[in-house]
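In: no letters, just coordinates:
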């Protein structure tokens, strides 16, 4: 949808915080991978599509040194960043939870139902910095959005 191609400019990519020597371009699936800064509470990374459209899924991979969360959720909103809701599972009874992957494996994950969104945010369902970093699992991701513009 424009992450890899640059149709979505760096100015429309953001994150809770940036680790050392990480740039917005690293968020893209073609980038090196974005990692949350150490001791960041509730890390996230997001894209602003400028206009709402149907998003049908994501492609994602881990970041530097295979840093990736064990799991993450996808949030979205058509209008404002203050009204994010979670992509639902197939049964629409709970949140869709996506498994982490390594730096070298790109996973394509289709949403059970397309979402009409301007904002897309990826974040872990829960986060405890002390546990995650002690286990060698920093929150690192890079991604691409799937759908039509």
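Out: Right, received. Where do you want to start? Quantities reported herein were computed from a predicted structural model and do not represent experimental measurements.
In: for this structure, which segments count as helices?
Out: Assigned by DSSP state H, the helices in the chain fall at 129-134.
In: show me where pLDDT drops low in it?
Out: 19-21, 38-40, 65-66, 127-137, 149 (pLDDT under 70).
In: center of the protein, which residue is that?
Out: residue 122 (3.1 Å; CA atoms, centre = their mean).
In: wait, isn't residue 112 in contact with residue 94?
Out: No. The criterion here is CB atoms under 8 Å, and residue 112 misses it with residue 94 at 11.1 Å. (Each C-beta comes from the backbone N, C-alpha and C, glycine too.)
In: and the residue nearest to the centre of the chain, what does it touch?
Out: The contact partners of residue 122, taken as CB atoms under 8 Å, 6 or more residues apart in numbering, are 44-46, 58, 60, 72-75, 141, 143.
In: likewise for residue 115?
Out: Residue 115 neighbours (CB under 8 Å, 6+ apart): 54-55, 76, 87.
In: from those residues, which would you call buried?
Out: 55, 76, 87 (16 or more other CB atoms under 10 Å).
In: quick one: the second one from residue 123, how far?
Out: The span separating residue 76 from residue 123 equals 12 Å under the rule CB to CB, to the nearest Å.
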